[in-house]
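# Pasting the sequence and the predicted coordinates here, then a few questions.
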Amino acid sequence: MLSGYVRRFADLVKFEHSIFALPFAYSAAFLAEMKVPGFWRMFWITVAMVAARSFAMAVNRLIDQEIDARNPRTAGRELPAGHLKRWQVWVFAAVSLGVLVGSTFGLPVITRYLWPVVIVPLVIYPYTKRWTWLCHLVLGVAIGFGPVGAWVAATGTTPAKALLIGAAVACWIAGFDVIYAFMDVTVDREQGLHSIPADLGEHAGLWSTRALHLLAVALLALTGVVQGANFVYYLGVAFCALLLAYENWLMRKADLEKVGVAFMTMNGVISVVFLIFTTLSLYVP
């Protein structure tokens, strides 16, 4: 019984998708001081990231329950399928938020005041697709605050340069969210929901992804410049650029069969590759 609920809540928040966000948060924490923070600092950063993402996904599912129920692709999700009740998901969201706030007491004091900055965009995002195709950028900004938060948590300061890696992640996330939106173009148009592919068409969707990913690479490189990173870091950026180029080559046409590879596999690989090279750059002279 308990294991069944654990599995349902893990499916609710797509726990496996944490591989997209966590490596960039870790990389930001490493770059902030150009070293790996202590165990407990990294532990609480991890707890905060997982809790924030769990809260965001739970609230997203609650807000979108009716929309999900009308979409054949999402009708099997836990809430529209009746596998979980709304009150259970609200409790899960409240507990996740509590864990996030609690984790800030293991981090620099400033994080106790700034956590709402991370949460508010995550709550706003689900509503934006109801009225604008800029929803992809809102999602990017919301998730981009993750590495910025990790930077602040690692140093206890709020330097403007932390926004560079946050902006890079925002562009990366927004770009592949456009790819993801190709799966729902027909349903979105029928329901009056908005996305770049649904509103502006296939051509605009593909080229906006390319532009966003190119900007993401440039911002990652600029992050290295302002932090004085060495050649290993730039090798990682170059490797990520090649992987993003391959991802966009896979989606050179709106081929729905390629979305799974482009969205899940490639982006998971990119985030891990960036973390590996960023970590290695700290130890190579």
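That came through fine. Numbers count the residues shown, from 1 in each chain.

# list the helices and strands the helix or strand Val47 falls within packs on?
Counting by DSSP states H and E, the element that carries Val47 is helix 39-63. Contact here means 3 or more C-beta pairs under 8 Å, 6 or more residues apart in numbering; DSSP states H and E; on that basis helix 39-63 packs against helix 2-12, helix 18-33, helix 86-103, helix 111-128, helix 135-155. For the C-beta atoms, the positions are set from N, CA and C on the backbone; glycine is no exception.

# Need those in a markdown table (columns: distance to Asn71).
Converted to a markdown table, these look like this (distance: least, C-beta to C-beta, whole Å):
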| stretch | distance to Asn71 |
| --- | --- |
| helix 2-12 | 16 |
| helix 18-33 | 22 |
| helix 86-103 | 18 |
| helix 111-128 | 14 |
| helix 135-155 | 15 |
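
# Most tightly packed of these?
Neighbour counts (mean count of other C-beta atoms under 10 Å) averaged over each of those peak at helix 135-155, with a mean of 25.

# export it as CSV, just CAs?
Extracted C-alpha coordinates of helix 135-155, given in CSV (Å, rounded to 0.1, in the frame of the first residue of the first chain):
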residue,chain,number,x,y,z
CYS,A,135,4.9,30.4,-21.6
HIS,A,136,8.1,28.6,-22.6
LEU,A,137,10.2,31.5,-21.4
VAL,A,138,8.3,31.8,-18.2
LEU,A,139,9.1,28.1,-17.5
GLY,A,140,12.7,28.7,-18.4
VAL,A,141,13.0,31.6,-16.0
ALA,A,142,11.2,29.6,-13.2
ILE,A,143,13.7,26.7,-13.5
GLY,A,144,16.6,29.0,-14.2
PHE,A,145,16.2,30.4,-10.7
GLY,A,146,17.3,26.9,-9.5
PRO,A,147,21.1,27.3,-10.3
VAL,A,148,20.9,31.0,-9.2
GLY,A,149,19.5,29.8,-5.8
ALA,A,150,22.3,27.2,-5.6
TRP,A,151,24.9,29.9,-6.2
VAL,A,152,23.4,32.0,-3.4
ALA,A,153,23.2,29.0,-1.1
ALA,A,154,26.8,28.2,-1.8
THR,A,155,28.2,31.7,-1.1
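
# Check which helices and strands it sits against.
Using 3+ C-beta pairs under 8 Å, 6+ apart: helix 135-155 touches helix 18-33, helix 39-63, helix 111-128, helix 162-181.

# Excluding residues flanking it in the chain, which one is nearest Ala198?
Distance criterion C-beta to C-beta, 6 or more residues apart in numbering; nearest residue to Ala198, sequence neighbours excluded, is Asp188 at 4.1 Å.

# Now for the one you found: which residues touch it?
By C-beta atoms under 8 Å, 6 or more residues apart in numbering, Asp188 lies in contact with 129, 181, 194-195, 198.

# The same query, at a cut-off of 7 Å, please.
By C-beta atoms under 7 Å, 6 or more residues apart in numbering, Asp188 lies in contact with 194-195, 198.

# One more: Ala93?
Listed by C-beta under 7 Å, 6+ apart, the contact set of Ala93 reads 55, 58-59.

# hmm, back to that, which one among the contacts of Asp188 gets closest to Gly166?
Proximity of those to Gly166, judged by C-beta to C-beta, is greatest for Ser195, which lies at 22.7 Å.

# Who are the contact partners of the closest one?
Counting by C-beta under 7 Å, 6+ apart, Ser195 has contacts 129, 133, 135-136, 181, 188.

# Can you check what pLDDT the model gives it?
Among the per-residue scores, Ser195 shows a pLDDT of 96.
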